[in-house]
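Q: dropping the sequence and predicted coords here.
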Number of protein chains: 2
Amino acid sequence: MTDLSKKISRLPGRIEHAPENFVADELVGAIHAHGMDASRRDFLRRSFVAASAATGALAASTAQAGADHPGFDGEAAILTLPAHSTSLGHPVAYRAYGLPSQFEANLQRRESPGLTKRRESGVAFTPLQGLFGIITPSGLHFERHHAGWHDIDPATHRLMINGLVATPKVYTVGELMRLPSVSRMHFIECGANTAMDWGGPTVPSVQYTHGMLSCSEFTGVPLSLLLDDCGIDRSNARFILAEGSDGAALTRTIPIERALDDVLVAWGMNGEMLRPENGYPLRLVVPGAQGVSWVKWLRRIEVGDAPYATREESTQYTDLMPDGLQRQYGLVQECKSVITTPSGGQRLLDKGFYNITGLAWSGRGKVSRVDISTDGGRNWQAARLESPVLTKCLTRFNFDWQWDGKPSILQSRAIDETGYVQPKINALRTVRGTRSVYHNNAIQSWRVETSGEVMNVQIS
Amino acid sequence: MTDLSKKISRLPGRIEHAPENFVADELVGAIHAHGMDASRRDFLRRSFVAASAATGALAASTAQAGADHPGFDGEAAILTLPAHSTSLGHPVAYRAYGLPSQFEANLQRRESPGLTKRRESGVAFTPLQGLFGIITPSGLHFERHHAGWHDIDPATHRLMINGLVATPKVYTVGELMRLPSVSRMHFIECGANTAMDWGGPTVPSVQYTHGMLSCSEFTGVPLSLLLDDCGIDRSNARFILAEGSDGAALTRTIPIERALDDVLVAWGMNGEMLRPENGYPLRLVVPGAQGVSWVKWLRRIEVGDAPYATREESTQYTDLMPDGLQRQYGLVQECKSVITTPSGGQRLLDKGFYNITGLAWSGRGKVSRVDISTDGGRNWQAARLESPVLTKCLTRFNFDWQWDGKPSILQSRAIDETGYVQPKINALRTVRGTRSVYHNNAIQSWRVETSGEVMNVQIS
């Protein structure tokens, strides 16, 4: 890293005419205090005074720094400490359940107005542009409902397993929670994520292009254990039907091989019980599969010998082909990635060093590599992958970049352990046309203008 | 697993005379619907009727189940659906930032009244008995402050690096966030965790015995990068001093080898910015070290050639020896584990199957094995470790257990990759006496009475 003194903006909300979270405000007028030449040292001195006033670096330390280091200025020694350094703060358990800082109020789930006719069947997108690592805070997990969400009393909730089993059973939530459980980190992505860009770039920011994506540590009982407990008829079982208890009675067919593999009946998400809008008290976790299969408010699993062809799998969540026919029972979210910073709606304030960061994932296993291009796909270099790299889980990548101030196209391209390479949008259009909705896992392009503005574009 | 029909209670709050979270209420009167003999089939039938009434398993499905399976009863077909299955729920973004279910309100951080003179210098414990997996929800992260917490405006906050560096510098939060970052999952444990039990069992539940323990995914810039950016004098630097900007101006000395290894200046926790009570906007992350070294509201790092002997490391957070002298600069949290369910304050409602679950960790690396004893340490069997198993991170373990209804002592014993074995309490007392406070990593024992009550006990 050669030059840390350049700046980058993380503007999650500008496009929405809402108050920004702190980073944006702060960066618009950012000072930069480091650097080596004389003018920068002057700047450092001024910055340090400002900094000392702001943070109250101890007067004694400051005086010592001033004495030891010509770059420092004794002025700082006379500055006073801020109130938070001179007073008692809030006690412990001031909030028995904690909340984010008041300065982060703008980092929130947002709807795309008009995307659905009713808000109860709408989408609230996760603000990927402001998140770090791979865990999605549960308070920012994306939402997609078919009839709104309820906060169901778990004492009255039951899960029934019926169909091709020797003994149909009904479980209470408490009974399920006493069974041997597993905990695993997995991503969940709506099959319609990035849907709006099939025909061309239409939405401005990564919150809207890719924000139907979240990742959590889930805890639950393997569905295979429950099916065995009910004596599943393994010679005839071919599919299961999972059914939710919301007003939509959402149902999905899942092949039996998958149901007996890594599917969980889960109650835990990021250490605590599922949130109501994510299926409290029970949801199906179908690692690698599109979100609609992760049935929320799960009340029933039926084992059958044929697919069920319910509404949400015959008329929706299907892949369109160029001739207008549909492929049914699409399930797997193929390998995909996106740069979350810099991304659409943000602005680079000056040329110089930037940390390009983003997320990669695959419904078929682990991400094995992420390549970055800053020239629209002509040249590629491998990004650093943060640990842990887990199967069917988000993987965070980072990449050092020096921006020369010229127009640039930023792209990420993920490759999973099966060898599958994330495709260009035109490769997808060849097999699915331009009017598809679901399973758009194309390479995302962000164009950086000479002004520093970052825009959603498509590169054929 | 031979018998799933037995019950276990997870009573996190009974000892506190507070309303329980749902699991406890539900379990007291739990029905159990599975089983194979005739009386159980009758029970199943009744349960199914109740279940159908409660969850609204579709009438059509019910009728089909009744037709296909003699164990089912057509009565269910006439029952009505609950309100949440027949009405629209809340729309998306009803809460732009989500919250737990109303039925989980009892799962919260709790103080131990009287533990400290003022609540601003108190402790709020994480409710380990009700958590799953390894990620601690940020809203339930434990708290330990020396002068209370503030919600500091990050636009005014600065980090200064001074001392034995060529160029002392002052960084804004925005500048730090533009640097190459890493994301890593680590536990944080207060050096005083389990302090109250040095002399014998004094507190009733795992929330109080072990609840100064949390685990998150942290994102930040390696401190080594910042020290290099300032031109650290590597030939003379031996220690750093980390200083917080709270009213306590909390300071800690950290050896330079560790400071240059895996220490981070972090802003991210579980995907979002740090919570105010956990150091927003900047805290030091010192993997494997006791929590007090993870300085919150971090404002200054000074590089020096000798330890600083500040108040919080000379008179506090030191290890007492039997002769009354103290070891200073204790830092590493040694290998430790605890069973979180069943644990003190919970009650087993009947003999039969239980999933014993808990957490293990080591400040020196990865956990390599966890053994479980159900007979007070005479016999040990290996538990299952959930993935991922990461360095200096919590590891979740699970273990199948059939309780025969007789008194039992449950223990877990962790072994880390260095070969270190978690000690018995008496082994610790031999070297540290009975009046120590810090670094109690002894094996925890929970006694199960014939009544099913679980109590905190000590086994020499």
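A: Alright, I've got the coordinates.

Q: give me phi/psi at residue A:174?
A: Phi and psi for residue A:174, reported as degrees, to the nearest 10, are phi -60, psi -40.

Q: burial check on it, number of neighbours?
A: Counted by other C-beta atoms under 10 Å in any protein chain shown, the residues lying close to residue A:174 total 26. Where you see a C-beta, it was placed from the backbone N, CA and C, and this is true even at glycine.

Q: below-threshold pLDDT in the stretch 1-150 of chain A: ranges please.
A: When residues are selected by pLDDT under 70, those of the stretch 1-150 of chain A lie in A:1-79.

Q: state the mean pLDDT of stretch A:218-228.
A: Averaged across stretch A:218-228, pLDDT comes to 98.

Q: start to end distance for it?
A: Start and end residues of stretch A:218-228 are separated by 21 Å (C-alpha to C-alpha, to the nearest Å).

Q: for stretch A:172-182, same thing?
A: Chord length of stretch A:172-182, first to last residue, is 18 Å (C-alpha to C-alpha).

Q: try stretch A:362-369
A: 11 Å.

Q: is it anywhere near chain B?
A: No - with C-beta under 8 Å from any C-beta of the partner chain as the criterion, chain B is not reached by stretch A:362-369; the gap is at least 11.7 Å.

Q: how about stretch A:389-402?
A: Yes - residues of stretch A:389-402 contacting chain B under C-beta under 8 Å from any C-beta: A:390, A:396, A:398, A:400.

Q: farthest-separated two in those?
A: Within those, A:390 and A:400 form the most distant pair, 24.5 Å apart (C-beta to C-beta).

Q: okay, the two: which has more neighbours?
A: More crowded of residue A:390 and residue A:400, by other C-beta under 10 Å: residue A:390, with 22 against 16.

Q: name the element that one belongs to?
A: Using DSSP states H and E, residue A:390 sits within no helix or strand.

Q: how does chain A divide into domains?
A: A:1-109, A:110-327, A:336-457 (automatic domain parsing).

Q: could you identify which of those is most buried?
A: Each of the domains of chain A was scored by mean neighbour count; the highest is domain A:110-327, a mean of 22, by mean count of other C-beta atoms under 10 Å in any protein chain shown.

Q: endpoints of that one, how far apart?
A: 31 Å.

Q: show me the contacts for the spatially closest residue to residue A:324 that is not a sequence neighbour.
A: Setting aside the residues directly before and after it, residue A:324 is nearest to residue A:433 in space (C-beta to C-beta, 6 or more residues apart in numbering or on different chains), at 7.9 Å. When contacts are counted by C-beta atoms under 8 Å, 6 or more residues apart in numbering or on different chains, residue A:433 is found next to A:320-322, A:324.

Q: the domains of chain A into TSV, with extra columns for distance to residue B:189?
A: Listed next are the domains of chain A as TSV, based on distance: least, C-beta to C-beta, whole Å:
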stretch	distance to residue B:189
domain A:1-109	16
domain A:110-327	16
domain A:336-457	20
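
Q: and of those domains, who's closest to residue B:242?
A: With C-beta to C-beta as the criterion, residue B:242 lies closest to domain A:1-109 of the domains of chain A, at 12.2 Å.

Q: tell me what the residue of the stretch 251-400 of chain A found nearest chain B is bridged to.
A: For the stretch 251-400 of chain A, the residue closest to chain B is residue A:268, as judged by C-beta to the nearest C-beta, at 3.4 Å. On the basis of DSSP bridges, residue A:268 is bridged to residue A:219, residue A:273.

Q: correct me if wrong: it contacts residue A:218.
A: Yes - counting by C-beta atoms under 8 Å, residue A:218 is a contact partner of residue A:268 at 6.3 Å.

Q: report the distance from stretch A:296-309 to the chain centre.
A: 28 Å (C-alpha atoms, centre = their mean, to the nearest Å).

Q: hmm, residue A:102 is touching residue B:151, no?
A: Yes - counting by C-beta under 8 Å, residue B:151 is a contact partner of residue A:102 at 5.5 Å.

Q: rewinding a little: can you list the contacts of residue A:433 in CSV and add pLDDT?
A: Below are the contacts of residue A:433 laid out as CSV (pLDDT from 0 to 100):
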residue, pLDDT
A:320, 78
A:321, 79
A:322, 81
A:324, 80
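
Q: can you tell me the SS state at the spatially most central residue of chain A?
A: Closest residue to the average C-alpha location of chain A: residue A:214 at 3.8 Å, with C-alpha atoms, centre = their mean. Classification of residue A:214 using DSSP: H, G, I helix; E, B strand; the rest coil returns strand.

Q: separation between the closest residue to it other than its chain neighbours and residue A:340?
A: Counting by C-beta to C-beta, 6+ apart, the nearest residue to residue A:214 once its immediate chain neighbours are dropped is residue A:136, at 3.9 Å. Look at residue A:136 and residue A:340: by C-beta to C-beta, to the nearest Å, they are 12 Å apart.

Q: likewise for residue A:152?
A: Counting by C-beta to C-beta, the gap from residue A:152 to residue A:340 is 33 Å.

Q: related to what we said a few turns ago, list the ones among the contacts of residue A:433 that fall in strands.
A: Secondary structure defined by DSSP state E assigns residue A:320 of the contacts of residue A:433 to strands.

Q: all helices for chain A, in order.
A: For chain A, the helices defined by DSSP state H cover A:22-28, A:38-55, A:59-68, A:173-177, A:206-210, A:223-229, A:256-259, A:311-314, A:425-432.

Q: for the last one, which outside residues touch it?
A: Applying C-beta under 8 Å, 6+ apart, the external contacts of helix A:425-432 come out as A:197-198, A:319-322, A:436, A:439-443, A:458-460.

Q: residue A:395 touches residue A:369, doesn't it?
A: No - judged on C-beta under 8 Å, residue A:395 makes no contact with residue A:369 at a distance of 10.0 Å.

Q: which neighbours do these two share?
A: Common contact partners of residue A:395 and residue A:369 (C-beta under 8 Å, 6+ apart): residue A:385.

Q: re earlier: what bridges to the residue nearest to the centre of chain A?
A: Assessed by DSSP bridges, residue A:214 has beta-bridge partners residue A:188.

Q: wouldn't it be in contact with residue A:126 here?
A: Yes - using C-beta under 8 Å, residue A:214 is in contact with residue A:126, at 5.4 Å.

Q: overlap of the contact sets of these two?
A: Shared contacts of residue A:214 and residue A:126, defined by C-beta under 8 Å, 6+ apart, are found at A:136, A:140-142.

Q: closest to residue A:358 out of those residues?
A: For the shared contacts of residue A:214 and residue A:126, the closest approach to residue A:358 (C-beta to C-beta) belongs to residue A:136, at 14.2 Å.
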